[in-house]
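S.K.: coords please:
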Amino acid sequence: FISFFDADRDAKRYKVRSLVTFINKQRSASIRTLSEWKKYTREFVAIGGWLLAKNKISSNDHATYFWKGIPRSLRTKIEARLLAPSPLRDMTTPFSFDEVSQAAEKILQRDRFDTDLVYSDTDDSD
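M.R.: Residues are numbered from 1 along each chain as shown. Coordinates of the predicted model:
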């Protein structure tokens, strides 16, 4: 994920408070498309990636902040997808940035057969 870090922003300094402010704002936003997901990821990596690269946060903190910035409805779907192959996974360590990103990209992929139904209000009326 460090490859996503924008070297031009290296001169900018961030604090953990900047990351917390960003994820609190982002958590209340919605992510319904792959484009919105990629925007969240880029913005997170600009701040969180910088803090990680400068050893201001640990890799576990980085993964946890990334997870906490995802809106709850999408986070639930990602968690279900990640736990399906290993339901007994140790939940004391956060899902990795890469695991979460890959799962989200599959859930939000543009050519899904049910793209028009993914966020439909009628999903729970079955």
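S.K.: and the nearest residue to Gly69 once chain neighbours are set aside, how many residues sit next to it?
M.R.: Closest residue to Gly69 apart from its sequence neighbours, by CB to CB, 6 or more residues apart in numbering: Ile23 at 3.4 Å. For glycine as for every other residue, the C-beta is placed from the backbone atoms N, C-alpha and C. Close neighbours of Ile23, defined as other CB atoms under 10 Å, add up to 21.
S.K.: what does the one 3 residues further on give?
M.R.: Using other CB under 10 Å, Gln26 has 18 neighbouring residues.
S.K.: quick one: pLDDT of it?
M.R.: With respect to pLDDT, Gln26 scores 92.
S.K.: what's the helix or strand for it?
M.R.: Gln26 is part of helix 16-27, with elements assigned from DSSP states H and E.
S.K.: just to revisit the earlier point, from memory the residue nearest to Gly69 sits against Lys68, does it?
M.R.: Yes: here Ile23 reaches Lys68: they are 5.3 Å apart, a contact under CB atoms under 8 Å.
S.K.: any low-confidence regions in the protein?
M.R.: Of all residues in the chain, those with pLDDT under 70 make up the ranges 1-11, 110-126.
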